[in-house]
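S.K.: how would this look folded up:
(2 chains)
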Amino acid sequence: MRSQGFNRNKSKTNNSRRRKRKENTREQSQCRFCRSKTKYVDYKDLDVLGKLLTHRGKIFSRKRSGNCASCQRKVRLAIKRARFMGLLPFTS
Amino acid sequence: METVAKRLYEALFLVDSAEAATDAEGVSAHIEKIFERNSAEVVSIRKWDERPLAYEIMGKSRGTYFLVYFNSPSGRITSIERDIQLSERIMRVLILRADHVTEEDMKKDTPATMLDKKAQELQDSKKAPDIDYTAEAENEDLDVD
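M.R.: So this is what the prediction gives:
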């Protein structure tokens, strides 16, 4: 009996932890470019573009990067320009 | 008389870094000459960066980039591009309209200038302690007297 009670308590604490985490984390309402109000994504800005690529050089999906549709289009164009100039890889 | 409106354009040139290291001024003069020939006025020409290429271009794995802002009538861009493609010194070029670019953006630090600044700061920091040591030495001499 004792052991069952102990287990019950343990499960309660776990649930409360999970609830807290959910409450604390909020989904971003805007994408990173909308938040910083950037109108133009520069193809020479490799620090920004590098974060939106896999280690193989593929572009992250909107779901993964969190970009809105219009910003994802701007990013896609910038990455393709950077690839043409040899700044970013097509594949690696 | 028709007056053709000029637009601001941005061009990024890719040049072999071995050539750029030996004769950087020659390369920039060559680029300027191309624009002059096509009646475009160069606003600024700067070395952007010297870096390894993401993939080999014309058998080269390192390249130097030159960033140029210039004013030109829009009809002349194709002839500028053709002129550049005929040049053997330039490996690749990308010309884009730069209406959104301000003068401040043009003067912004490029990766190349940032490296130069860091190198200068390092040199200055090496020099600075020497002056302090001499000052201390003089003080010690005074104490002895």
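
S.K.: which SS class is the nearest residue to B:Arg37 once chain neighbours are set aside?
M.R.: For B:Arg37, ignoring the flanking residues on the chain, the nearest one in space by Cβ to Cβ, 6 or more residues apart in numbering or on different chains is B:Asp83 at 6.6 Å. Backbone N, C-alpha and C define where each C-beta goes, glycine included. For B:Asp83, the reduced secondary structure class is helix; criterion used: DSSP: H, G, I helix; E, B strand; the rest coil.

S.K.: close to chain B: what parts of chain A are there?
M.R.: Where proximity means Cβ under 8 Å from any Cβ of the partner chain, the interface of chain A facing chain B comprises A:39-40, A:43-44, A:57, A:81, A:83-90, A:92.

S.K.: which non-adjacent residue is nearest the most centrally placed residue in chain A?
M.R.: By Cα atoms, centre = their mean, chain A has its centre lying nearest to A:Ser65, at 3.8 Å. The spatially closest residue to A:Ser65, leaving aside those adjacent along the chain, is A:Leu52, at 5.3 Å (Cβ to Cβ, 6+ apart).

S.K.: what's the pLDDT at the one you found?
M.R.: Among the per-residue scores, A:Leu52 shows a pLDDT of 95.

S.K.: which residue ranges make up the domains of chain B?
M.R.: Domain assignment for chain B, taken from automatic domain parsing, gives B:6-103, B:109-145.

S.K.: which residues of the chain fall in helices?
M.R.: Picked chain A for this. When assigned using DSSP state H, the helices of chain A occupy the ranges A:2-24, A:32-35, A:46-50, A:62-65, A:69-84.

S.K.: not quite, I wanted chain B
M.R.: According to DSSP H, chain B carries its helices in the segments B:17-22, B:24-37, B:77-86, B:103-107, B:111-144.

S.K.: okay, those helices in TSV with mean neighbour count next?
M.R.: Putting those into TSV (neighbours: other Cβ atoms under 10 Å in any protein chain shown) gives the following:
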stretch	mean neighbour count
helix B:17-22	15
helix B:24-37	16
helix B:77-86	14
helix B:103-107	11
helix B:111-144	10
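
S.K.: make TSV from the ones you listed and add mean pLDDT to it.
M.R.: TSV is the format used below for those (pLDDT from 0 to 100):
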stretch	mean pLDDT
helix B:17-22	92
helix B:24-37	93
helix B:77-86	94
helix B:103-107	86
helix B:111-144	71
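
S.K.: distance to B:Val68 added to those, as JSON lines?
M.R.: Supplementary listing: those in JSON lines, determined by distance: least, Cβ to Cβ, whole Å:
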{"stretch": "helix B:17-22", "distance to B:Val68": "14"}
{"stretch": "helix B:24-37", "distance to B:Val68": "6"}
{"stretch": "helix B:77-86", "distance to B:Val68": "10"}
{"stretch": "helix B:103-107", "distance to B:Val68": "10"}
{"stretch": "helix B:111-144", "distance to B:Val68": "14"}
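
S.K.: of these, which approaches B:Gly63 most closely?
M.R.: With Cβ to Cβ as the measure, helix B:17-22 is the member of those nearest B:Gly63 (5.6 Å).
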